[in-house]
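*Asks:* need a structure here:
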Amino acid sequence: MDPLLRSAEAIASAHSVIALTGAGISVESGIPPFRGAGSLWEKIDPMEFAHIGSFLKNPEKVWKGFLVGMKDMLDKARPNDGHMGLVALENLGRLGTIITQNIDGLHQLAGSGDVIEFHGNFAWQRCMDCDGLVPSSGLDLSSLPPRCACGGIYRPDCVFFGEMIPEESLARSRSLASSCDVMIVVGTSAVVQPAAMIPVIAKNSGAFIIEVNPEPTPLSHSISDRFLQGKAGHVLKTLAETVKGLIV
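*Replies:* Below you'll find the model as predicted:
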């Protein structure tokens, strides 16, 4: 049977479907992946510009060398057909929660209702002194590092290297993975822990694993039940349309 049709049938008949997304789903929105050919970490050293120790030591350097460019890129990014395909599955009553490794906020911008963000969200900046939040889009960068009215330095409300993933996000993700019928894995290399363990937990609990990636990953031949090769936008749009055809 055609792998996309089999995947659509699994989604259409499931009681609980969740998704795990990585950087690959946002490439078509103009955001490069962090790892692999053409990735962000090929251009800059993450230990120098994306580690919490580096930020605390020299926040001005990290803002100038990394965060200003990241903010500009994310301010311009918009959801693509991949994000909208997941929204379509949610609107059909087929998809529940999305667990994402991304910090771009594009799932929420597309209209997804329940998103667990493993690494936080760059859409907000948090004051390191008073803990106040402001939207990144309106942040004044005329002086670096940007500062709160209280005098504290702003930092992205996301997880730097050297920081822990929020325990609540990790616990809820594991719980959902252990109880879902179907998991859709999109655009992740499946090598970064602890996110890489989420499909394994789902598989070991009996879930049907659908993988969407342009190239095979460590999941493809051992964990995934169906591997849908291609760009996330085209595959997820087609998958959602196929599911709709099966249930209406």
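*Asks:* Centre of the chain to the biggest helix by length in the chain, how far?
*Replies:* The longest helix of the chain (DSSP state H) is helix 232-247. For helix 232-247, the gap between its own C-alpha mean and the chain's C-alpha mean amounts to 20 Å (Cα atoms, centre = their mean, to the nearest Å).
*Asks:* Could I get the average pLDDT for that helix?
*Replies:* Average pLDDT, helix 232-247: 96.
*Asks:* same check, this time on stretch 101-108
*Replies:* 94.
*Asks:* With only the CA atoms kept, save it in PDB.
*Replies:* C-alpha atoms of stretch 101-108 as PDB (Å, rounded to 0.1, in the frame of the first residue of the first chain):
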ATOM      1  CA  GLN A 101      12.200  21.500  19.300                       C
ATOM      2  CA  ASN A 102      11.800  24.800  17.500                       C
ATOM      3  CA  ILE A 103      12.000  28.300  19.100                       C
ATOM      4  CA  ASP A 104      10.400  30.200  16.200                       C
ATOM      5  CA  GLY A 105       6.800  30.200  17.400                       C
ATOM      6  CA  LEU A 106       5.500  29.400  13.900                       C
ATOM      7  CA  HIS A 107       3.200  26.600  15.000                       C
ATOM      8  CA  GLN A 108       1.300  29.100  17.200                       C
END
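*Asks:* hmm, back to that, can you list the neighbours in contact with the longest helix of the chain?
*Replies:* The contact list for helix 232-247, computed with Cβ atoms under 8 Å, 6 or more residues apart in numbering, reads 4-5, 7-9, 11-12, 24-25, 27-28, 80-82, 84-86, 88-89, 92, 94, 186-187, 212, 228. C-beta here means a position set from N, CA and C on the backbone, and glycine is covered the same way.
*Asks:* ok, of the residues you listed, which come out buried?
*Replies:* 4, 7-8, 11-12, 24-25, 27-28, 80-82, 84-86, 88-89, 92, 94, 186-187, 212, 228 (16 or more other Cβ atoms under 10 Å).
*Asks:* could you point out which element follows the longest strand along the chain?
*Replies:* When the chain is parsed with DSSP state E, its longest strand is strand 120-127. Remark: after strand 120-127, the chain's next helix or strand is strand 133-135, criterion DSSP states H and E.
*Asks:* Report the angle between the strand or helix carrying residue 7 and helix 232-247.
*Replies:* Element membership for residue 7, per DSSP H and E: helix 3-13. Relative orientation of helix 3-13 versus helix 232-247 (axes from the mean of the first three to the mean of the last three Cα atoms, to 10 degrees): 50 degrees.
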